[in-house]
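>>> heads up, no residue letters with this:
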């Protein structure tokens, strides 16, 4: 179909769909101007022809009436148009849903970001608080430890000074008592020598005086040994065999050398008029005194102290 004065072409872009699809003009054939085009040849790919063209050239071809073809195309186009509109509405709905979902996701992301920032700020504040608390507690703990050790050091020093003073006091008392005993023995020895040349009556008086002195000396010896036990609070009891009569014995529970104990006891009791000091472990066989000084008394061991009066000369002799 060609353009001619009788068959002018129109711009479809400025026409409505109804005007395009609704046939309202008659279209004539270019080869047969008097004949209206009413047929479409299917064999020739939908070429519009008139009745003469059909008879002359397209007789054996498949053909169809143009109005029917137009109606079918119109219905097909309307159907496709409806499908396209429905598809377009569906796509618009999907686009709106996607946009709304994107908006929700964006809002959720912003809320999550705000929460994360807030939690981060809280964690930073908590860490700073814990750091300051740990620093303060550490300084306080160090200060408390220093005060505690200073207090312990001070108490230990005071305890050492007290023990030293007690030992000095005890040793001073021992020396003073030993000096008094030595002076008393010397005085009695002088009296013995003086009264050895006097009558028997005077000697009897001296004997009574000597017996009285022996009794007082016994008490003094027990007192000295009791003072020795007070130096060792862990010691339990004291026994002393005095002049053949058992009175007390010594039991020691401590780490102490036998030599030190023997030296202390000998210093107190091995003076003029008093004999040797014998030490032995209770429940064990007797050891040599020289060997005994080399052994230690362990915790829980038992040590017996035996003192014997072995005067080289009688204090008084009766006739």
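Thanks, I have the structure now. Just so you know, these numbers come straight off a predicted model, no measurement behind them.

>>> now do stretch 45-58, average pLDDT.
In this model, stretch 45-58 has a mean pLDDT of 80.

>>> for stretch 166-180, that is, sorry about that
73.

>>> what about the strands in the stretch 101-250 of the chain?
Taking DSSP state E, counting those that start in this stretch, the strands of the stretch 101-250 of the chain run over residues 241-242, 245-246.

>>> quick check: residue 42 touching residue 63?
Yes: with contact defined as CB atoms under 8 Å, residue 42 and residue 63 form a contacting pair (6.2 Å). Bear in mind the C-beta positions are built from the backbone N, C-alpha and C, glycine included.

>>> which of these two has more neighbours?
Higher neighbour count among residue 42 and residue 63: residue 63, with 20 against 14, using other CB atoms under 10 Å.

>>> okay, that one: pLDDT?
80.

>>> do you know how far it is from residue 186?
Separation of residue 63 from residue 186 (CB to CB, to the nearest Å) stands at 174 Å.

>>> where in the stretch 51-200 of the chain is pLDDT low?
174, 184, 188-200 (pLDDT under 70).

>>> can you give me the helices in it?
Taking DSSP state H, counting those that start in this stretch as the criterion, the stretch 51-200 of the chain carries its helices at 51-56, 66-195, 200-231.

>>> name the helices or strands packed onto the second one?
Just to be clear, that refers to helix 66-195. The contact analysis (3 or more CB pairs under 8 Å, 6 or more residues apart in numbering; DSSP states H and E) places helix 66-195 against helix 17-21, strand 39-41, helix 200-231, helix 258-269.

>>> cool, and the first one?
Counting contacts by 3+ CB pairs under 8 Å, 6+ apart, helix 51-56 is packed against strand 39-41.

>>> so what are the sheet partners of the strand it packs on and their directions?
Looking at strand 39-41 with DSSP bridges, its partner strands are strand 47-49 (antiparallel), strand 63-65 (antiparallel).

>>> so what's the residue count around residue 41?
For residue 41, using other CB under 10 Å, the count is 18.

>>> now residue 143
With other CB under 10 Å as criterion, residue 143 counts 10.

>>> could you check how far residue 71 is from residue 64?
In terms of CB to CB, residue 71 sits 11 Å off from residue 64.

>>> err, residue 34, not the other one
With the distance defined as CB to CB, residue 34 ends up 22 Å from residue 64.

>>> do the same with residue 108
60 Å.

>>> give me phi/psi at residue 28?
phi -110, psi 160 (degrees, to the nearest 10).

>>> list the contacts for the nearest residue to it once chain neighbours are set aside?
Distances taken as CB to CB, 6 or more residues apart in numbering place residue 36 nearest to residue 28, at 5.7 Å, with adjacent residues excluded. When contacts are counted by CB atoms under 8 Å, 6 or more residues apart in numbering, residue 36 touches 26, 27, 28, 29, 50.

>>> confidence score at residue 36?
Looking at residue 36, the pLDDT reads 79.

>>> who has more neighbours out of residue 108 and residue 64?
residue 64 (13 against 10).

>>> can you tell me the closest non-neighbouring residue to that one?
residue 40 (5.2 Å).

>>> what bridges to the one you found?
residue 48, residue 64.
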